[in-house]
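[1] Sequence first, then the predicted structure, then my questions.
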Amino acid sequence: MSKAIVIGYLAKVSAANVNASHSEGNVVVAKKVTLPDGSTVPYISGQALRRMLRDRLEELGYPLSEPFAQVSGQEVTPPVRPWEFVDEDLFGYLDPSGGRRRTSPVRVSAAVGLFPFQGDRDLGTRSFERFGQAMAAGGNMYETELYANLFKGTILVELDRVGKWPSRYELIQPSKREKEQEREREEADSDKKKKEELRSVLDVLVKDTSPPQRGFWAELKPEVKRERLQKLLEALNILWGGGRTTRMLADLSPKFIAYARLRVKHPVFLEALSAHYEDGKYVLELEPLLNALQKIDDYREQTLFGLEPGVFGNEEEIRSTLAGYGAVLTVHEALAQAKQDVGTLWSQS
């Protein structure tokens, strides 16, 4: 049985600061991580990427949960209706006022630049002359760190948790009664009310748990779970976002992907993608990727690769080498085929 889908990808940024850190004076600093040799590479946080995926899912027709959250001061209480909101199902939630929380079944790594930050800055100005004042009034000057880089990232989807929620903690806050008998009675009442609510939802199946587990499981019908994952793949295909997009728009859709459906949960491609720059083009280094593929050889149930033309200098080498492990297509063709692969999931449940 498949336990996970893992997607390793490379995204190209030509000139942008997708995910800024704090400001230093009038300089907008890029998020960076320091390597052992003291150099730094830019990165885009997993939180920022999850935001972009959420936004793309909304564009694809899924309403998000955020407009239905209750805000009190600094506390945001989510609606906790993951059967209704795809973002609560795929990206999880935390109810700060109680004990309801869901760990995201879609794990997203930071996207880390493969090449060191070179210290480039974009200079911006705002002249007061444009606001009816004399040129002598001057204006504001600001700088923004920016980079050209190739970012590697990984998405891991825990298939056994998509569209499936245990009542305890994820849907219902466990009772805090001290006496066992009172706690059981209160939880049984909560279970009954929640079951009645869920049984009115056509796409949700409800199943009691067996002792010693308490409560019940609620699960989306297979066709709904498949559709949600297919839309997630579609969102990846049109990924963009981040900060400063009004003047530094960046396309973060992958230029290379490695897709695998596994019988284990493992982010196998996370440290397997690397490249160097040669003769004006990126060159994908294949040895780490081949080693990763061989490492999971006993667990792979499907493998696909997507490669955008004109990005890599060793395109033919990539095609010929990876063909022995799975089909090598363009990225959009590979994601379309991955959607077909997702369409086979949960067919026996």
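    Now that the structure is in, tell me what you want to look at. Bear in mind that the values here come from a model prediction, so they are computed numbers and not experimental data. Residues are numbered from 1 along each chain as shown.
[2] where does the protein dip in pLDDT?
    Applying pLDDT under 70 to the chain flags the ranges 348-349.
[3] Sketch out the helices for it, chain order is fine.
    46-59, 86-91, 180-199, 222-237, 286-295, 315-322, 331-342 (DSSP state H).
[4] closest to Ala69 out of those helices?
    Ranking those by their distance to Ala69 (criterion: Cβ to Cβ) puts helix 86-91 first, at 10.0 Å. Bear in mind the C-beta positions are built from the backbone N, C-alpha and C, glycine included.
[5] now, of the helices of the chain, which is deepest in the fold?
    Of all the helices of the chain, helix 86-91 has the most neighbours on average by mean count of other Cβ atoms under 10 Å, namely a mean of 25.
[6] For the stretch 101-250 of the chain, which segments count as strands?
    101-102, 106-108, 111-113, 121-127, 139-145, 147-158, 164-166, 204-208, 216-220 (DSSP state E, counting those that start in this stretch).
[7] To Ser2, which of these lies closest?
    strand 147-158 (10.0 Å).
[8] Off-centre distance for that closest one?
    For strand 147-158, the separation from the chain centroid amounts to 9 Å (computed by Cα atoms, centre = their mean, to the nearest Å).
[9] now stretch 38-57
    8 Å.
[10] Kindly report the same for stretch 289-309.
    20 Å.
[11] Stretch 152-163 now?
    For stretch 152-163, the distance to the chain centre is 8 Å (Cα atoms, centre = their mean).
[12] Report the buried residues of it.
    Neighbour counts over stretch 152-163 (16 or more other Cβ atoms under 10 Å) mark Lys152, Gly153, Thr154, Ile155, Leu156, Val157, Glu158, Leu159, Arg161, Val162, Gly163 as buried.
[13] got it, and stretch 100-110?
    Going by 16+ other Cβ under 10 Å, stretch 100-110 has these buried residues: Arg100, Arg102, Ser104, Pro105, Val106, Arg107, Val108, Ser109, Ala110.
[14] What is the nearest of these to Ser167?
    Using Cβ to Cβ, the buried residues of stretch 100-110 come closest to Ser167 at Arg100, 10.0 Å.
[15] Go ahead and confirm that closest one touches Ile172.
    Yes - the pair Arg100 / Ile172 is scored as a contact, 7.1 Å apart, by Cβ atoms under 8 Å.
[16] quick one on the thing from earlier: out of the helices of the chain, which is closest to Thr245?
    helix 46-59 (10.4 Å).
[17] What are the contacting residues of the closest one?
    18-19, 64, 86-87, 90-91, 104, 106, 108-111, 153, 231-232, 234-236, 238-242, 252 (Cβ atoms under 8 Å, 6 or more residues apart in numbering).
[18] Just give me the closest of the buried residues of stretch 100-110 to Val28.
    Taking these together and measuring to Val28 by Cβ to Cβ, the closest member is Ala110, at 18.8 Å.
[19] wait, what's in contact with Gln213?
    Taking Cβ under 8 Å, 6+ apart, one finds Pro166 in contact with Gln213.
[20] quick one on the thing from earlier: can the buried residues of stretch 152-163 go into JSON lines with extra columns for distance to Val328?
    Putting the buried residues of stretch 152-163 into JSON lines (distance: Cβ to Cβ, whole Å) gives the following:
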{"residue": "Lys152", "distance to Val328": "18"}
{"residue": "Gly153", "distance to Val328": "20"}
{"residue": "Thr154", "distance to Val328": "19"}
{"residue": "Ile155", "distance to Val328": "20"}
{"residue": "Leu156", "distance to Val328": "22"}
{"residue": "Val157", "distance to Val328": "22"}
{"residue": "Glu158", "distance to Val328": "27"}
{"residue": "Leu159", "distance to Val328": "24"}
{"residue": "Arg161", "distance to Val328": "30"}
{"residue": "Val162", "distance to Val328": "27"}
{"residue": "Gly163", "distance to Val328": "31"}
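[21] among the residues you listed, which two are most distant?
    Lys152 and Gly163 (28.7 Å).
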